[in-house]
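*Asks:* Sequence and predicted structure, then a few things I'm wondering about:
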Amino acid sequence: MTEDLKAFQKWLDMAKYLYRAVQSYPRSEKYTLGADTRQAMIRLGRYIYRANALRRESPEKRRMLEHADMELVDLQLLIRLAKELEFLPLRKYELMSGMAVEIGKMLGGWIKATGKIQQGRQSPSP
């Protein structure tokens, strides 16, 4: 099921890269900003995975996708903060930001498609 899901695969690629990058944070930040960043990444993956498990026309699917989108915003904020505090080199920041943008585009398309399915299921009243 999720093997074919491109958004999940992109998330997995980003998660592996992010986990390695957080290891380079200063010791004092590995268990604060680093932990928050890892947790945001895990929550994002859970929402993507759960949305994939739901039926196409499920209203819950759209909610899961919207939660994933908001979690991605939080994750981008944490990554930017790490860059601003110079815990992340510019190159790693740019790579992770690019991955996040790609996931965001996929989520946006998925949300849009889910909305169209739900609109198509609503029949006009006579």
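*Replies:* Great, that's in hand. Numbers count the residues shown, from 1 in each chain.
*Asks:* Please, where are all the helices along this protein?
*Replies:* Taking DSSP state H to define them, one finds helices in the chain at 6-22, 27-30, 33-53, 59-84, 90-121.
*Asks:* Can you name the residues in contact with the shortest one?
*Replies:* What it means is helix 27-30. By CB atoms under 8 Å, 6 or more residues apart in numbering, the surrounding residues in contact with helix 27-30 are 22-23, 82, 85, 87. Bear in mind the C-beta positions are built from the backbone N, C-alpha and C, glycine included.
*Asks:* Try it again at 7 Å.
*Replies:* Contacts to helix 27-30, defined as CB atoms under 7 Å, 6 or more residues apart in numbering, come from residues 22, 87.
*Asks:* sorry, back to before: would you turn the helices of the chain into a markdown table with mean pLDDT?
*Replies:* Putting those into a markdown table (pLDDT from 0 to 100) gives the following:
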| stretch | mean pLDDT |
| --- | --- |
| helix 6-22 | 95 |
| helix 27-30 | 90 |
| helix 33-53 | 95 |
| helix 59-84 | 95 |
| helix 90-121 | 86 |
